[in-house]
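1. when you get a sec, could you give me coordinates for this:
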Amino acid sequence: MRVEHASMRIIDGYARGGTDLAADEVWAVEAHLEACRFCRDRLAAAASVQAPAVTALVGAVWSELEPRLAASAPVPHRRHRSARLSSGLTPTMVPWLAMAVSVTLLALLLDLVGTGFGEVSLVLLLAPVLPVLGVAASWSRGLDPAYELTASVPRAGLHLVLRRTASVLAVIVPALFVAGWVTGVTAAQWLLPCLAFTSTTLALGGVVGVTRAAVALAAVWAAVVVVPTLATSRTSFALQTGGLPVWGLILTLGIGVVIARRGAYSVLGAHR
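-> Alright, predicted model coming up:
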């Protein structure tokens with residue numbers, strides 16, 4: 001398999017500090033350098049010409065660190081594996097995901113015992129916004145003590161956004177599936193709104209930040225659908241089978257926007 005290497009224009013620009021490169025080019029070259037020794041060697045040679053002061057500083061730091069690193073114990077392999085897993089599921093996400101699953105189980109219990117809301121299913125009513133809360137928690141500056149470190153790594157763009165979103169869905173969707181099956185709610189009725197809300201959150205997140213987009217969409221859903229539905233004790237058209245084509249269209253548009261603006265997630269503003 002042929003490997004595509006970074007061009008010398010990008011290598012030289014990155015060696016100078018990346019100020020003349022687009023954000024997606026910086027993200028791409030950093031991700032490529034992780035796995036390409038050839039381009040790392042080219043970058044080292046370019047840095048000695050483009051930024052000799054930086055090269056000298058790195059050499060001085062390395063001369064201090066090398067003896068200490070040689071004397072330190074190697075990291076167990078299982079710790080490397082846990083570090084890779086942490087990029088998808090962080091400790092700060094665990095309580096939020098546990099809360100989302102608990103809310104799902106509580107909604108299921110209320111549906112089974114009767115809540116006094118007529119034909120309204122609380123599982124169906126809450127399904128679209130439950131993953132959104134987990135996605136918001138995964139990108140919250142205030143909740144993640146390692147936010148700055150995470151946001152600065154080479155794969156902190158769309159790659160990491162999608163990994164954390166998939167981790168959220170992997171926990172919440174099975175719980176919703178069980179709750180929907182027990183209450184007799186058609187899977188498409190909750191799954192399409194759930195995925196559509198998630199994709200819309202990511203699409204808006206590339207503009208205003210993932211956390212802000214999640215909070216705004218959850219607030220709109222509560223005001224436009226949840227409150228009127230509970231007040232009238234009737235399932236909103238948005239949650240009936242007739243509304244599924246609309247949710248499918250929203251899901252498609254959301255995915256399209258995420259793909260079209262994939263470079264926006266390499267900017268720190270997407271992590272707000």
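2. buried sites along stretch 16-28?
-> Neighbour-count burial for stretch 16-28 flags 16, 18, 21, 24, 25, 26, 27, 28 (criterion: 16 or more other Cβ atoms under 10 Å). (C-beta placed from N, C-alpha, C; glycine too.)
3. now those residues as CSV including secondary structure?
-> What follows is those, written out as CSV (DSSP: H, G, I helix; E, B strand; the rest coil):
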residue, secondary structure
16, coil
18, coil
21, coil
24, helix
25, helix
26, helix
27, helix
28, helix
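4. for the residues you listed, work out which two are farthest apart.
-> Greatest spatial distance among these (Cβ to Cβ): 16 and 24, at 17.7 Å.
5. so, low pLDDT: which residues of this protein?
-> For the chain, applying pLDDT under 70 flags the ranges 1-3, 72-93, 114-119, 139-157, 265-272.
6. all helices for it, in order.
-> Counting by DSSP state H, the segments of the chain that form helices are 8-15, 23-35, 37-50, 52-71, 77-86, 93-113, 122-126, 130-138, 147-151, 158-183, 187-208, 210-221, 227-232, 244-260.
7. for the last one, name the packing helices and strands.
-> Under the contact criterion of 3 or more Cβ pairs under 8 Å, 6 or more residues apart in numbering; DSSP states H and E, the helices and strands touching helix 244-260 comprise helix 187-208.
8. list the buried residues in the helix it packs on.
-> Using 16+ other Cβ under 10 Å as the test for burial, helix 187-208 gives 189-206.
9. also stretch 224-243?
-> Residues 225, 226, 229, 230, 235, 236, 238, 239 are the ones in stretch 224-243 that count as buried (16+ other Cβ under 10 Å).
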